[in-house]
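Asks: Sequence and computational prediction follow.
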Amino acid sequence: MRRTVLSALAIACTAVLASTVPAVADTSPTPVPATEAPSTAPTQAPSDAPTEAPTEGTEPTVAPSKAPDASEVSVVPSGAPDTGVASTDSDGGGALIGGGAAAAFATAGAAFYVVRRRRATGA
Amino acid sequence: MTPPSRRAFVTAATASLLVGCGGGSTPPSPEPSGSAPGESGESGRTVRALGRSVPVGLRIPAIRVDTRVMRLGLDPDGAMQVPPVEADDRAGWYRHSPTPGQVGPSVIVGHVTVGAYGDGVFRHLARLRRGDAIVARLENGTSARFAVSGVRTVAQADFPTEDVYGDVGRPELRLITCGGPRSGDGYRDSVIVFAALSAGSP
């Protein structure tokens, strides 16, 4: 029993030593690249990204806060817009037409009177 | 430790490891709250406001109006400019108001009569009724369609400045012309059409 136990222990110890030797041998060259490469690259990259992202997120909150201050109509005019120029000329036009018609009627009447008088007087 | 207790221990250890790993996935829970800016659910409004684009034309089928639209500013005395009195009458957009479809009251004015030239482009504005369509053609090629929500005839001496130019918080339109009985070479009243955006077409 003891032999088997001792032999088993011996085998176990050699196995452990055999596995640790390459590990020890590896540790001497690896520390430099192994520690620098993974440690610096990942730690800086995530730290920059999150810090910039929130600053961008704050911009939209500023923009809406300014908008409500401005009125939708920036300059309000005074009074009502004067959008009706009454057609006063149309009255004058009507008077002209009426006057012209009256003059023509008077001329025609005078001509009729003259012609009739001439006929009556002897022609 | 009996075999069952060992199994229990192993099972408990595995479970705790799994739970610990699962706990790492809990951070996504902030995402829903982060997506709360999806308050853009406000876009669930019936009609979305349009971007800024100056109006170049106006069509009102109910009163057979189809006119170009010019830009108007302010006179030195602070009154709104109006389109020139000429045979080829047209409407004018007040450039200190939002463009049609933007949030706020966009203001367009036109003559009811243009002196010796006869009827103005807004001669029959007072005939509009609730629900009638008004379409503004915009400079960018799109159009903004409005539906009349009300028509008011008010004395020019009591012009409702706040109702016409005040903030409304949504895209609206105001059409203004003169009306009522003549007084001197002008008119006693103003006719104001109130309309709200019903659709924006590409």
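Replies: Right, received. Where do you want to start?
Asks: Give me the helices and strands touching the longest strand seen in chain B, please.
Replies: Counting residues, the longest strand found in chain B (DSSP state E) is strand B:186-201. The helices and strands touching strand B:186-201, judged by 3 or more C-beta pairs under 8 Å, 6 or more residues apart in numbering or on different chains; DSSP states H and E, are strand B:133-138, strand B:143-155, helix B:161-165, strand B:171-183. (Each C-beta comes from the backbone N, C-alpha and C, glycine too.)
Asks: and the shortest one, how far out from the chain's middle?
Replies: What that stands for is helix B:161-165. 15 Å (C-alpha atoms, centre = their mean, to the nearest Å).
Asks: Show me what secondary structure element comes after the lowest-mean-pLDDT helix or strand in chain B.
Replies: In chain B, the helix or strand scored least confidently by mean pLDDT, DSSP states H and E is helix B:30-34, which has a mean of 30. Using DSSP states H and E, the next helix or strand after helix B:30-34 towards the C-terminus is strand B:55-60.
Asks: and that following strand, C-alpha only, in PDB?
Replies: What follows is strand B:55-60 as a C-alpha-only set of coordinates in PDB (Å, rounded to 0.1, in the frame of the first residue of the first chain):
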ATOM      1  CA  PRO B  55     -44.400  79.600 -50.100                       C
ATOM      2  CA  VAL B  56     -44.500  80.400 -53.800                       C
ATOM      3  CA  GLY B  57     -48.200  79.700 -54.600                       C
ATOM      4  CA  LEU B  58     -51.600  79.300 -53.000                       C
ATOM      5  CA  ARG B  59     -54.600  77.400 -54.100                       C
ATOM      6  CA  ILE B  60     -58.100  77.600 -52.600                       C
END
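Asks: what mean pLDDT does it have?
Replies: Per-residue pLDDT values over strand B:55-60 give a mean of 98.
Asks: how about it: buried residues?
Replies: For strand B:55-60, a neighbour-count test (16 or more other C-beta atoms under 10 Å in any protein chain shown) marks B:55-58, B:60 as buried.
Asks: any chance of these in JSON lines, plus distance to B:Arg182?
Replies: Converted to JSON lines, those look like this (distance: C-beta to C-beta, whole Å):
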{"residue": "B:Pro55", "distance to B:Arg182": "30"}
{"residue": "B:Val56", "distance to B:Arg182": "32"}
{"residue": "B:Gly57", "distance to B:Arg182": "30"}
{"residue": "B:Leu58", "distance to B:Arg182": "25"}
{"residue": "B:Ile60", "distance to B:Arg182": "24"}
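Asks: out of those residues, who's nearest chain A?
Replies: B:Leu58 (14.2 Å; C-beta to the nearest C-beta).
Asks: quick one, what contacts the closest one?
Replies: Residues in contact with B:Leu58 (C-beta atoms under 8 Å, 6 or more residues apart in numbering or on different chains) are B:65-67, B:69, B:91, B:108, B:134-137.
Asks: among these, which two are most distant?
Replies: With distances taken as C-beta to C-beta, the most widely separated pair in the contacts of B:Leu58 is B:Asp66 and B:Ile108, at 13.7 Å.
Asks: between the two, which one's more packed in?
Replies: B:Ile108 (24 against 12; other C-beta atoms under 10 Å in any protein chain shown).
Asks: is it true that B:Val112 touches B:Val191?
Replies: Yes - the criterion here is C-beta atoms under 8 Å, and B:Val112 meets it with B:Val191 at 7.4 Å.
Asks: So for these two, which residues contact both of them?
Replies: B:122, B:125, B:177-179.
Asks: that older thread, between the helices and strands packed on strand B:186-201, which one is closest to B:Tyr117.
Replies: strand B:171-183 (15.0 Å).
Asks: Enumerate the positions of the closest one that are buried.
Replies: Per 16+ other C-beta under 10 Å, strand B:171-183 contains these buried residues: B:171-180.
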